[in-house]
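1. What follows is a predicted protein model with its sequence.
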Amino acid sequence: MPKVKVARKSTWVDMTAMCDVAFLLLTFFILTSNFIQKELVQVVTPTSISEIKVPEVNVMNILIGNDGKVVMGIDNQKKREELLDKISKAYNLNFTKKQIAEFGLSNTFGVPVAALGQSLDLSPGDRAKPENVLGIPADSTANEFKEWVRYARQVNPQLKIVIKADKGTPYGKIKKVLNTLLDLNENRYNLITGMEEAPKLPKL
Amino acid sequence: MAEVNTDKGGQGGKGKPKKLSTRIDLTPMVDLGFLLITFFMLATSMAKPQTMEISMPSKEKVKDEEQNKVKASKAMTILLAKENKVYYYFGTTENGVDPEVFETSFDSEKGIRKILLERNKTVNKQVDSLKTVKVKKKLSPEEFKSKLTEIKANKDAVVVLIKPSDVSNYQNLVDILDEMQITNIGRYAIVPISSYDTGLVEKTAPDAFKEPTQNK
């Protein structure tokens, strides 16, 4: 019987090219992206046609949840620690070194001042649980939010106010925050919105 | 390629020392690469969110003589009510005659946009012609911007007072601010709603500003 020789081909595939592609993409992602920061209240922003980008430094974030819970935060760890220092003096509270460091690390906070120490003792995961995010009181009586904004402005005079609120938040809740800000003569804000395509206008 | 493969498949075993292949299996490295890509894709966000810049009128009382009163004929008041409803009226009460209040919606075809466009016709025409000039003559973006603000700040243009009620939501507010941008209205302000406004609307729609009773 004549043997039919079938040339055996190697199943070895050259992975060099694939490796190149993978690392190229990796480099791209590392360079273009910024990390998602966990927010204490879930917010679905409304959309707008505005194309202005969010400022990157010197921002004060104010988040207003669906139920009107107010959460805020400022950028820069050092500034946050200074802010806590001012607040602790204003309210006669003492925070441990660990609590201060923890506050410096968390980019947003959302509890009344009295519960702040307790909240800072929790792990970051527990702190973000909805039942532990009580919201900063922003009512006309005991307006702690006002104090926070006032001291934040003292700590960093260049702060830009960025407001991020849920689509469904009733305007009544937003109004409280805006009125508080207006009381402090803060009247320029950035409202965070999603992207939306500009509509074609009918010809005039 | 960098690969040096002189192995001829087991025939080189006669006397000569067997040459080892310098080829390295890169599969684990590829695995690692893609693992890291996956991680970065999930843990990061690429797009920066958009923002809308607004400035609110200051609460400080302006002296009467410094205040520039809005001409009643140029003024348009937009009231945001519950369930995405919009009410609007022109001017104010004159000689005991209340302005007529109209109801509309955020619909892009026949909603508030149409009315605003109509109302702001002269400005819109100017903006349109400016845009064609920009396309033809290639105006620099800065020039275009300054001219656009100039047109929008026109003293005879319509002035819009936005009055959101407590029962409207944040989406309504952003939508109406958006409409201001779309229809090239440069002069608008967010003003607290007054009992005069609610009174006007409640003549035709009695429960427009009532808190919804269920799902509170």
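-> Noted; the coordinates are in hand.

2. Just the terminal-to-terminal distance for stretch A:51-62.
-> Using Cα to Cα, to the nearest Å, one end of stretch A:51-62 lies 20 Å from the other.

3. where exactly do the strands run in chain A?
-> For chain A, applying DSSP state E gives strands covering A:34-35, A:47-48, A:52-53, A:59-64, A:70-74, A:160-165, A:188-195.

4. Could you dump these into CSV and include mean pLDDT and mean neighbour count?
-> C-betas here are computed from N, CA, C, even on glycine. Shown next, in CSV, are the strands of chain A (pLDDT from 0 to 100; neighbours: other Cβ atoms under 10 Å in any protein chain shown):
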stretch, mean pLDDT, mean neighbour count
strand A:34-35, 69, 10
strand A:47-48, 81, 21
strand A:52-53, 79, 12
strand A:59-64, 85, 23
strand A:70-74, 85, 23
strand A:160-165, 86, 22
strand A:188-195, 82, 19
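
5. Please confirm that B:Ile193 is located within a helix.
-> No - according to DSSP: H, G, I helix; E, B strand; the rest coil, B:Ile193 belongs to no helix; its state is coil.

6. where does chain B dip in pLDDT?
-> B:1-15, B:46-47, B:59-72, B:93-97, B:155, B:205, B:207-216 (pLDDT under 70).

7. Verify the assumption that B:Glu118 is located in a helix.
-> Yes - using three-state DSSP, the secondary structure at B:Glu118 is a helix.

8. Show the contacting residues for A:Glu186.
-> Residues counted as contacts of A:Glu186 (Cβ atoms under 8 Å, 6 or more residues apart in numbering or on different chains) are A:Val149, A:Arg153, A:Ile161.

9. rerun that using 6 Å as the cut-off
-> A:Ile161 (Cβ atoms under 6 Å, 6 or more residues apart in numbering or on different chains).

10. For it, grab phi and psi.
-> phi -100, psi 110 (degrees, to the nearest 10).

11. Let's have the strands of chain A in TSV, adding distance to B:Asp25.
-> Converted to TSV, the strands of chain A look like this (distance: least, Cβ to Cβ, whole Å):
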stretch	distance to B:Asp25
strand A:34-35	33
strand A:47-48	49
strand A:52-53	45
strand A:59-64	48
strand A:70-74	48
strand A:160-165	49
strand A:188-195	44
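
12. can you redo those as a markdown table with distance to chain B?
-> What follows is the strands of chain A, written out as a markdown table (distance: least, Cβ to the nearest Cβ, whole Å):
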| stretch | distance to chain B |
| --- | --- |
| strand A:34-35 | 5 |
| strand A:47-48 | 5 |
| strand A:52-53 | 5 |
| strand A:59-64 | 8 |
| strand A:70-74 | 13 |
| strand A:160-165 | 5 |
| strand A:188-195 | 4 |
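
13. In the strand or helix carrying B:Gly199, which residues are buried?
-> If you go by DSSP states H and E, B:Gly199 is part of helix B:195-202. Under the neighbour-count criterion of 16 or more other Cβ atoms under 10 Å in any protein chain shown, helix B:195-202 has B:Asp197, B:Thr198, B:Leu200, B:Val201 buried.

14. and what of stretch B:44-59?
-> Neighbour count says stretch B:44-59 has B:Gln50, B:Thr51, B:Met52, B:Ile54, B:Met56 buried, by 16+ other Cβ under 10 Å.

15. Which of those fall within helices?
-> Secondary structure from DSSP state H places none of these in helices.

16. hang on, the earlier thing: near chain A, which of the buried residues of helix B:195-202 show up?
-> Checked against chain A using Cβ under 6 Å from any Cβ of the partner chain, those yield no neighbours at all.

17. Out of the buried residues of stretch B:44-59, which is nearest to B:Ile182?
-> Among the buried residues of stretch B:44-59, B:Met52 lies closest to B:Ile182 (Cβ to Cβ), at 12.4 Å.

18. What's opposite the closest one in the beta bridge?
-> For B:Met52, the beta-bridge partners are A:Leu191 (DSSP bridges).

19. and the gap between it and A:Thr193?
-> 5 Å (Cβ to Cβ, to the nearest Å).

20. intersection of neighbour lists for these two?
-> A:Ser48.

21. B:Asp128: which of the strands of chain A is closest?
-> Taking these one by one with Cβ to Cβ, strand A:47-48 is closest: 21.9 Å.

22. what helix or strand does B:Asp128 sit in?
-> Counting by DSSP H and E, B:Asp128 is part of helix B:121-137.

23. Can you list the buried residues in that helix?
-> So helix B:121-137, judged by 16+ other Cβ under 10 Å, has buried residues B:Val123, B:Asn124, B:Gln126, B:Val127, B:Leu130, B:Lys134.

24. How far does whichever helix or strand comes after that helix sit from its chain's centre?
-> Next in sequence after helix B:121-137, counting helices and strands by DSSP H and E, comes helix B:141-152. How far helix B:141-152 lies from its chain's middle: 19 Å, per Cα atoms, centre = their mean, to the nearest Å.
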